[in-house]
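[1] Next input, structure requested:
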Amino acid sequence: MTQTPFDGAAEFDRQVHTLIGLGYPAMSGLDPEQFTALVAPLRGHAAAAPPEAYDQEAGRVPFLLVVTRSAAAIEETMPRTTLRGGRLPGIVDRSFEPGSLERFTATPQTGLPDGDAYLLTAVERGEEFCGAVPRDAMDVIAGRGRTLLTIEEGIAFVTHFPQLLVTNKCFSLGGSRSGDRRVPAIWISRKAPKLGWCWEGNPHTWLGMASAGSRTAGSAAADSAVAD
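    Residues are numbered from 1 along each chain as shown. Down below sits the predicted model:
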């Protein structure tokens, strides 16, 4: 399949436009101009993203513009996801008991940048881990010097690239944990994206493990790579 040559600045602008169209500024207590100004320092980093990191068929994208839950709650952002060409809103699975989403926070190893928005770079859907035990997949990813995606980052993945959430190529989000054996994941249910969880010791043939290279908040002091 022929792909349009990658332009990091244009892709960044597309992602900003997507979030504005979905109402992220209002969720963050901002108007569109304020929201655009908030994320503007990230544009230069996006423009420098290497084009070879872009391979949609392989589930790889150079970056995602992520808005944190402090600015936009998961309960509000997940319903704004859809499948490619779909109309049904994403859902949070009922297996999350009341109040449990708040306990699924980023692990210390993610080293999240400060601020309400940042770039997640060198993102992979991780279908090579379909059928693998999640905890084993997480160990392999750590050994490669990569970082696991959080719930918010998984939502950003589906928000910006709905075409990458497809049957048998869904993904776990090991960067958000609640202190037990549950690992969050996003998959397809009834023609819509669903945020749920699976046990860290149970493999699923249709569920891989998403990962990324680093995170940046737009300044060298706030940049975050994966922990050693």
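
[2] so where's the chain shaky on pLDDT?
    Scanning the chain for pLDDT under 70 picks out 1-4, 219-228.

[3] Strands along that one, start to end?
    Using DSSP state E, the strands of the chain run over residues 60-67, 91-92, 105-106, 117-124, 147-148, 170-172, 176-177, 182-189, 192-199, 207-209, 211-212, 214-216, 224-225.

[4] Endpoints of stretch 70-90, how far apart?
    Distance across stretch 70-90, first residue to last, is 20 Å (CA to CA, to the nearest Å).

[5] Just give me the neighbour total for residue 76.
    Neighbourhood size, residue 76 [other CB atoms under 10 Å]: 14. Yep, even glycine has a C-beta here, placed from its N, CA and C like the rest.

[6] Start at 37, not 1
    Will do, 37 is the new start, and the previous item becomes residue 112.

[7] does it really touch residue 63, like I thought?
    Yes: contact status for residue 112 versus residue 63: in contact at 5.5 Å, counting by CB atoms under 8 Å.

[8] how about a markdown table for the strands of the chain, with distance to residue 41 and mean neighbour count added?
    Shown next, in a markdown table, are the strands of the chain (distance: least, CB to CB, whole Å; neighbours: other CB atoms under 10 Å):
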| stretch | distance to residue 41 | mean neighbour count |
| --- | --- | --- |
| strand 96-103 | 13 | 24 |
| strand 127-128 | 36 | 16 |
| strand 141-142 | 34 | 18 |
| strand 153-160 | 18 | 24 |
| strand 183-184 | 28 | 28 |
| strand 206-208 | 26 | 28 |
| strand 212-213 | 34 | 24 |
| strand 218-225 | 29 | 22 |
| strand 228-235 | 28 | 20 |
| strand 243-245 | 27 | 26 |
| strand 247-248 | 23 | 27 |
| strand 250-252 | 23 | 21 |
| strand 260-261 | 27 | 16 |
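
[9] now those strands as a markdown table including distance to residue 90?
    Shown next, in a markdown table, are the strands of the chain (distance: least, CB to CB, whole Å):
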| stretch | distance to residue 90 |
| --- | --- |
| strand 96-103 | 5 |
| strand 127-128 | 29 |
| strand 141-142 | 26 |
| strand 153-160 | 10 |
| strand 183-184 | 19 |
| strand 206-208 | 18 |
| strand 212-213 | 26 |
| strand 218-225 | 21 |
| strand 228-235 | 22 |
| strand 243-245 | 19 |
| strand 247-248 | 14 |
| strand 250-252 | 16 |
| strand 260-261 | 20 |
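
[10] Tell me which of those sits nearest to residue 171.
    Nearest to residue 171 among the strands of the chain is strand 218-225 (8.1 Å), distances taken as CB to CB.

[11] what helices or strands is the closest one leaning on?
    helix 187-196, strand 206-208, strand 228-235 (3 or more CB pairs under 8 Å, 6 or more residues apart in numbering; DSSP states H and E).
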